[in-house]
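Engineer: Fold the following and give me the result.
(one chain, ligands or ions: 1)
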Amino acid sequence: MNGLTGLIDSHCHLDHPRLDKLHETIWRNCLGLGVTQLVMPGTHRAQWPRLVAFCDQQPGWHLALGLHPYFIDQHQPDDLQVLERLIRQKRPIAIGEIGLDYSLPSLNSCLQQQLLVQQLIIARSYRLPVILHARRSHDALLQILRRTGFGEGGIVHAFNGSFQQAEAYLALGFKLGFGGALTYSRAHRLQRLVRSLPLTALVLETDAPDMPMAHQQDRLNRPDHLPYVLDCIIKQRSESPIDIARQTQINTVKALRI
Ligand SMILES: [Zn+2]
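Structural biologist: Numbering: from 1, shown residues only. This next block holds a predicted model:
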């Protein structure tokens, strides 16, 4: 590894039950490897109390709260009121993860769009950035961001769209998250994107425990493996490792106003 410090995992779910009993080891490893801050997004109302209590344990663990499109069938109308109450009480750094997931036809796209717009309105009223989840939905998502005039920015996590879509997000004030998918030797398109985008566009993430990296035989992703993502970006770029580490950190701090 690089011996770098101040790295931020801009998207992980260390609170996830699959990582139970591993928290202490993972966090100790993180600090040893220079990963000093973790951003943990919310996904559904039942998870929020646990997540809020979890993030309270360490000053470097940042809370985000939102209703994930993947759970569209579970969300209830009054979840949004609970969300607003928690925003006022717990001051999350962002609303997320929210967005559109068109990869599964069973997830109703109209309901997803409605929920996204409602959460963008909430984010705007509290002047909070958003953490966006987008699968096969970048054009629809971009259209909604433009139509609603959302101006608080944030991060498009696990970005896997085209160069044009990347540019469109950048123009709207967003940063793009890259993680485990980049670690596979066959990820040529993503590698090309990481080479061609400005360094100011990129943020690091693991999405742990999901999106396992190429070397993770147990298929369990963890935030203490974030330096592998950084190494992949370093391999694709001409800037020095220290500049890449520092700039991705600055990008995350700017996007989420940490
Ligand atoms: Zn996630």
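
Engineer: quick one, strands of the stretch 101-250 of the chain?
Structural biologist: In chain order, the stretch 101-250 of the chain shows strands spanning 130-135, 154-156, 174-178, 202-204, with DSSP state E, counting those that start in this stretch as the criterion.

Engineer: Report how many residues lie close to Phe159.
Structural biologist: The local packing count at Phe159 equals 28, with neighbours defined by other Cβ atoms under 10 Å. Quick note: C-beta positions are derived from backbone N, CA and C, even for glycine.

Engineer: Skip the chain neighbours and tell me the closest residue to it.
Structural biologist: Leu176 (4.0 Å; Cβ to Cβ, 6 or more residues apart in numbering).

Engineer: for the one you found, which residues make a bridge with it?
Structural biologist: In this structure, Leu176 has beta-bridge partners Val156, Leu202, where bridges are defined by DSSP bridges.

Engineer: List the contacts of it.
Structural biologist: The contact partners of Leu176, by Cβ atoms under 8 Å, 6 or more residues apart in numbering, come to Ile155, Val156, Phe159, Ala166, Tyr169, Leu170, Leu197, Ala201, Leu202, Val203.

Engineer: Let me know the average pLDDT across stretch 39-58.
Structural biologist: Confidence over stretch 39-58, taken as the mean pLDDT, stands at 98.

Engineer: Go through it and flag the buried ones.
Structural biologist: For stretch 39-58, the buried set under the neighbour-count rule, 16 or more other Cβ atoms under 10 Å, comprises 39-45, 47-48, 51-52, 54-55.

Engineer: May I have the distance across that stretch, first residue to last?
Structural biologist: 11 Å (Cα to Cα, to the nearest Å).

Engineer: quick one: contacts of it?
Structural biologist: Judged by Cβ under 8 Å, 6+ apart, the contacts made with stretch 39-58 from elsewhere in the structure are 8-15, 27, 61-68, 70-71, 74-76, 79, 82-83, 86, 90, 92-94, 96-97, 131, 157, 252, 256, 258.

Engineer: Can you report how many residues lie near Glu205?
Structural biologist: Using other Cβ under 10 Å, Glu205 is surrounded by 28 other residues.

Engineer: Do I have it right that it meets Tyr228?
Structural biologist: No - judged on Cβ atoms under 8 Å, Glu205 makes no contact with Tyr228 at a distance of 11.8 Å.

Engineer: hey, what's in contact with both of those two?
Structural biologist: Contact with both Glu205 and Tyr228 is made by no residue, according to Cβ under 8 Å, 6+ apart.

Engineer: burial count for Glu167?
Structural biologist: Burial measure for Glu167: 14 neighbouring residues, criterion other Cβ under 10 Å.

Engineer: How much space separates it from Phe71?
Structural biologist: Distance of Glu167 to Phe71, given as Cβ to Cβ, to the nearest Å: 30 Å.

Engineer: Check His225 too.
Structural biologist: Using Cβ to Cβ, one gets 26 Å for the distance from His225 to Phe71.

Engineer: more crowded one of the two?
Structural biologist: More neighbours surround His225 than the other of His225 and Phe71, with 25 against 17 (other Cβ under 10 Å).

Engineer: Quick check: pLDDT value at that one.
Structural biologist: The confidence metric pLDDT takes the value 97 at His225.

Engineer: And Met1, by the same measure?
Structural biologist: The predicted local confidence for Met1 comes out at a pLDDT of 46.

Engineer: residues in contact with the nearest residue to Ile95 once chain neighbours are set aside?
Structural biologist: Take Ile95 and drop its neighbours on the chain: the residue closest to it by Cβ to Cβ, 6+ apart is Ala123, 4.1 Å away. In this structure, Ala123 makes contact with Ala94, Ile95, Pro129, Val130, Phe150, Glu152, judged by Cβ under 8 Å, 6+ apart.

Engineer: could I get the residues you listed as TSV with pLDDT?
Structural biologist: Formatted as TSV, the entries for the contacts of Ala123 read as follows, by pLDDT from 0 to 100:
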residue	pLDDT
Ala94	98
Ile95	98
Pro129	98
Val130	98
Phe150	98
Glu152	98
